[in-house]
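Undergrad: Compute the structure for the input listed below.
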Amino acid sequence: MNIDWSLLIIAVGLALVFEGIPYFLFAERMPLVLLKLAEQPPKFLRFIGLAAMILGLLVISLGRSLTL
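TA: Okay, the predicted model is just below:
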């Protein structure tokens, strides 16, 4: 299996863009959001993380199916 490093770098860059959008658009609200997240139990945070990973995999799968 040959890894396409440029695609990996693009994917990481795109992830950083999406991660930065809330901080740019809602800079005043983000500290409160982060405090509320810090108050959540680990089980809830794991569930949110798992849901995000599954959604990400579905988006990747959709994208790959559209390009094949």
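Undergrad: can you map out the helices along this structure?
TA: 5-25, 30-38, 42-67 (DSSP state H).
Undergrad: Tabulate those helices (CSV), appending mean pLDDT and mean neighbour count.
TA: C-beta here means a position set from N, CA and C on the backbone, and glycine is covered the same way. Formatted as CSV, these follow (pLDDT from 0 to 100; neighbours: other Cβ atoms under 10 Å):
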stretch, mean pLDDT, mean neighbour count
helix 5-25, 92, 10
helix 30-38, 95, 10
helix 42-67, 92, 10
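Undergrad: Tell me how far residue 18 lies from residue 56.
TA: Residue 18 is 10 Å from residue 56, where distance means Cβ to Cβ, to the nearest Å.
Undergrad: what does residue 23 give?
TA: 19 Å.
Undergrad: Same check on residue 44?
TA: Residue 44 is 19 Å from residue 56, by Cβ to Cβ.
Undergrad: same deal with residue 19?
TA: On the measure of Cβ to Cβ, residue 19 and residue 56 end up 12 Å apart.
Undergrad: And for residue 65?
TA: 15 Å.
Undergrad: What of residue 63?
TA: On the measure of Cβ to Cβ, residue 63 and residue 56 end up 11 Å apart.
Undergrad: Residue 67 now?
TA: 17 Å.
Undergrad: and if you look at residue 31?
TA: Relative to residue 56, and taking Cβ to Cβ, residue 31 is found at 26 Å.
Undergrad: again, but for residue 28
TA: Distance from residue 28 to residue 56, by Cβ to Cβ: 28 Å.
Undergrad: Then residue 20?
TA: For residue 20, the distance to residue 56 - Cβ to Cβ - is 17 Å.
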